[in-house]
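**Student:** sequence and predicted structure are below.
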Amino acid sequence: MKNTQQETNALFGATLEGQLAFEKTLMFGGVKRLMSDIKAKSRDNYQVPLELIHELPDFNVRVHDEGYDQHIDNLAQSMLTEGFYQDKPLAGIVISEGGKDKIFVVDGYSRRSGALRANALGATIATVPMVFKSASTSLEDLTVGLVRANEGRPLTPFEKGIVCKRLEGYGMERAEIAKRLNLSAVYVGQLLTLMGAPNEIRKLVQAGKLSAENALAAMKKHGEKAVEVLQTANAQAEASGKKRITEKSLPGAKLAKVIRKQAPVMAETLRSVKADPGFSALSPELREKLEALLGTLDTSEQSAPEAPEAQADATAEATA
């Protein structure tokens, strides 16, 4: 069943297409002038009226799922009893739109949402502490900050993938993306691969029903059949009352377990086949495959102490 646009927005807080392709020309306004105009008092930070702080549509990459909603609720409950912590200011920018300066949050989305929810529950948080980015801040800097400046609830792999895809769209090379986000180049490549996955797979990951790791593994193993395999696994998980597609629920999981357990016996059997006089009667192609497999097993035994596990992995790959 396909999600409607309304359902997509309700779940993610924004459209995925908008998040991936976020683009905006930033025309910075005057912070001190605006703070004076709105009478925002300054202690250690500016005390900004909560109602005047906006969000840039589609900029935040958070997936608004059940887990995130619970996170906001926890913050709201804390603020009801403890108030808004002054040592946890929001970070923002002042942008000039239509000749008028407006305040936008760029770090602290969850705390802003928590304060709004706390007020809806009876709190009276009128102002919140805020620091402002300088006018030299670029859109790329703000996008990198979605990952690097996040000290609260870490972004999920999928959310980091949105950031990587957006930065790539800005013309940033993968090596630079990895450096700016403090991630390995290999991991950045994996996240970008996830962003290029079929829409059906992305939706499963977005909704928290499938981990990024299992999505990539299924795509690598099943290729063009990955969508069908994962949709079947999801239906089976839902039928059994499970919220997520686990590795054990994917096709081949039981076979892999059996192979790992029987790997030593299988390896010894393969060696017996090679030693049998009838081995020379096998086709050249089959003999070549068996010899390559045995070579991999022999190398694993000689080079690593965890030989049984290495044997199992090599045998599983060869028999897949």
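**Tutor:** Ah, there it is.
**Student:** residue ranges with poor pLDDT in the stretch 51-200 of the chain?
**Tutor:** For the stretch 51-200 of the chain, residues meeting the criterion pLDDT under 70 lie at 151.
**Student:** quick check: M79 touching V128?
**Tutor:** No: if you go by CB atoms under 8 Å, M79 and V128 don't touch, sitting 9.8 Å apart. C-beta: built from backbone N, CA, C; applies to glycine.
**Student:** list residues touching both of those two?
**Tutor:** A115 (CB atoms under 8 Å, 6 or more residues apart in numbering).
**Student:** just the endpoints, please. Distance across stretch 124-134?
**Tutor:** 30 Å (CA to CA, to the nearest Å).
**Student:** the host helix or strand of F104 - which strands sit beside it in the sheet, and in what orientation?
**Tutor:** Using DSSP states H and E, F104 maps to strand 100-107. Paired strands of strand 100-107, with direction, are strand 53-55 (parallel), strand 90-97 (antiparallel) (DSSP bridges).
**Student:** and the next helix or strand past it?
**Tutor:** helix 109-120.
**Student:** phi, psi of the residue lying closest to K165 once chain neighbours are set aside?
**Tutor:** In space, and not counting its chain neighbours, K165 is closest to M195: 4.3 Å by CB to CB, 6 or more residues apart in numbering. Main-chain torsions, M195, degrees, to the nearest 10: phi -70, psi -20.
**Student:** any idea how far K289 is from Y187?
**Tutor:** When distance is defined by CB to CB, to the nearest Å, K289 is 33 Å away from Y187.
**Student:** no wait, R271
**Tutor:** Counting by CB to CB, the gap from R271 to Y187 is 38 Å.
**Student:** please apply the same query to T232.
**Tutor:** As for T232, its distance to Y187 is 28 Å (criterion: CB to CB).
**Student:** same question for A239.
**Tutor:** For A239, the distance to Y187 (CB to CB) stands at 34 Å.
**Student:** of these two, who's got more company?
**Tutor:** Neighbours were counted for A239 and for Y187 using other CB atoms under 10 Å; Y187 has more, 14 against 8.
**Student:** correct me if wrong: V105 contacts F59.
**Tutor:** No: at 9.4 Å, V105 does not count as touching F59 under the criterion of CB under 8 Å.
**Student:** so H54 touches F104, yeah?
**Tutor:** Yes: counting by CB under 8 Å, H54 touches F104, with 5.2 Å between them.
**Student:** between those two, who's got more neighbours?
**Tutor:** F104 (18 against 14).
**Student:** what about the more buried one, distance to T193?
**Tutor:** From F104 to T193 the distance is 32 Å (CB to CB).
**Student:** got it, and E228?
**Tutor:** 19 Å.
**Student:** tell me which of those two has more neighbours.
**Tutor:** Neighbour comparison, E228 and T193: the larger count goes to T193, with 15 against 11 (by other CB under 10 Å).
**Student:** so what's the more buried one up against?
**Tutor:** Contacts of T193 by CB under 8 Å, 6+ apart are L216, M219.
**Student:** that one: which element?
**Tutor:** Secondary structure assignment for T193, by DSSP H and E: helix 185-195.
**Student:** residues making contact with the helix or strand that that helix is followed by?
**Tutor:** Where DSSP H and E defines the elements, the next helix or strand beyond helix 185-195 is helix 199-206. Helix 199-206 is contacted from outside by 3, 11-12, 16, 63, 65, 158, 194-195, 197, 210-212, 215, 218-219, 226-227, 230-231, 234, 245, using CB under 8 Å, 6+ apart.
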